[in-house]
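# I would like the atomic coordinates for the input below:
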Amino acid sequence: VNRYTFEFIATISTNLNNPRFGAVANGKAYVTNSAGWETGADDYLTVINLSDYSTSTATIGVCSEKIIEENGKIYIANGSYGSGSSVTVFNPESNTVEATIPLGFSPNSFEEENGILYVLGSEKLAKINLATNIIIGTPITVAESTSAGAKNLNIEDNKIYYTVDTAVYAMAINATTAPTTPLLTYQSQSENGRMYGFAVNDGKIYIADGGDFASDGKAYIYSTTGSLLKTITVGVGPNG
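The predicted model follows:
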């Protein structure tokens, strides 16, 4: 659709099988496909030519979920619900996998900042130098295996934010150890919708709670010091 008017432009339905996430580079969109939802061996990219919406595919061959573009390269988090344990570097010029970076844990979110790719798993945070595709130092332990697990990595104003259950943690971008005390914790009665949506932007923290997925949910806005600024009743199952 047209992003300003929401006028319909086209439907793209070829070469897609359980499409998950997308990124854009050099006039093309790259969409991860989880295909069979199993080992990841059948996961692939759909390449969409944005001038005519024609499609082709590129084999990835490992679990393929979230995807970002940075400096002409495509980075894919090879992790889905505990499966997969690497990051794929895909070159859109050659349409091939350039590198696979092993992590030792399953990634659930990642973000680039100043040439470093920060990759979060349920227990670990790794920093990858994108000039060398090598992990910097030793991954930081951010949560214990007995906990709900860390997720929702966000980087804002030289701070790393992530969540564990209903808690938000924050640490300096160059920190070598994780904080033991959360920045804030909110109350949730939701069994599966805690921190269903999370973002940090322009000095504010945004949390969406899925509730019971049958009635209206809630969105919460906090300051980056942890003070609740506003609670908003929204629709069913609020997410991104």
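# residues touching the residue nearest to the spatial centre of the chain, list them.
The centroid of the chain falls nearest to Ser109 when counting by C-alpha atoms, centre = their mean (3.4 Å). Listed by C-beta atoms under 8 Å, 6 or more residues apart in numbering, the contact set of Ser109 reads 66, 77, 119-120, 151-153, 162. For glycine as for every other residue, the C-beta is placed from the backbone atoms N, C-alpha and C.
# try it again at 7 Å.
Applying C-beta atoms under 7 Å, 6 or more residues apart in numbering, we find Ser109 in contact with 66, 120, 151-153.
# so which of those residues wins on neighbours?
Neighbour tally across the contacts of Ser109 (other C-beta atoms under 10 Å): the maximum, 29 neighbours, falls on Leu120.
# any idea what that residue is bridged to?
According to DSSP bridges, Ser109, Leu125 are recorded as the beta-bridge partners of Leu120.
# do the same with Ala99
Assessed by DSSP bridges, Ala99 has beta-bridge partners Val89.
# quick one: it from Ser64, how far?
Computed with C-beta to C-beta, to the nearest Å, the distance linking Ala99 and Ser64 is 15 Å.
# more crowded one of the two?
Neighbours around Ala99 and Ser64, counted as other C-beta under 10 Å, are more numerous at Ser64. The numbers are 27 against 15.
# you'd agree Ile116 is up against Asn129?
Yes - applying C-beta atoms under 7 Å as the test, Ile116 and Asn129 come out as touching, 6.4 Å apart.
# more neighbours, the two?
Of the pair Ile116 and Asn129, Ile116 is the one with more neighbours under other C-beta under 10 Å, namely 17 against 12.
# any low-confidence regions in the protein?
Across the chain, residues meeting the criterion (pLDDT under 70) sit at 37-39, 145-147.
# try it again at 90.
The chain contains residues with pLDDT under 90 at 34-42, 61, 80-84, 144-148, 191, 240.
# how close does Val24 sit to Glu123?
If you go by C-beta to C-beta, the gap between Val24 and Glu123 works out to 32 Å.
# which one of the two has more residues nearby?
It is Glu123, of Val24 and Glu123, that has more neighbours when counted by other C-beta under 10 Å, with 18 against 13.
# residue contacts, the more buried one?
When contacts are counted by C-beta under 7 Å, 6+ apart, Glu123 touches 105, 141-143, 145, 149-150.
# filter these down to the buried ones.
Among the contacts of Glu123, those that count as buried by neighbour count (16 or more other C-beta atoms under 10 Å) are 105, 142-143, 149-150.
# just the ones of those residues in helices?
Of the buried ones among the contacts of Glu123, none are assigned to helices by DSSP state H.
# quick one: the helices in this protein?
Under DSSP H, the chain gives no helices.
# related to what we said a few turns ago, name the nearest of the contacts of Ser109 relative to Ala208.
Asn152 (10.6 Å; C-beta to C-beta).
# quick one: the closest residue to that closest one other than its chain neighbours from Phe6, how far?
Distances taken as C-beta to C-beta, 6 or more residues apart in numbering put Phe198 closest to Asn152, at 3.9 Å, once the chain neighbours are dropped. Using C-beta to C-beta, one gets 26 Å for the distance from Phe198 to Phe6.
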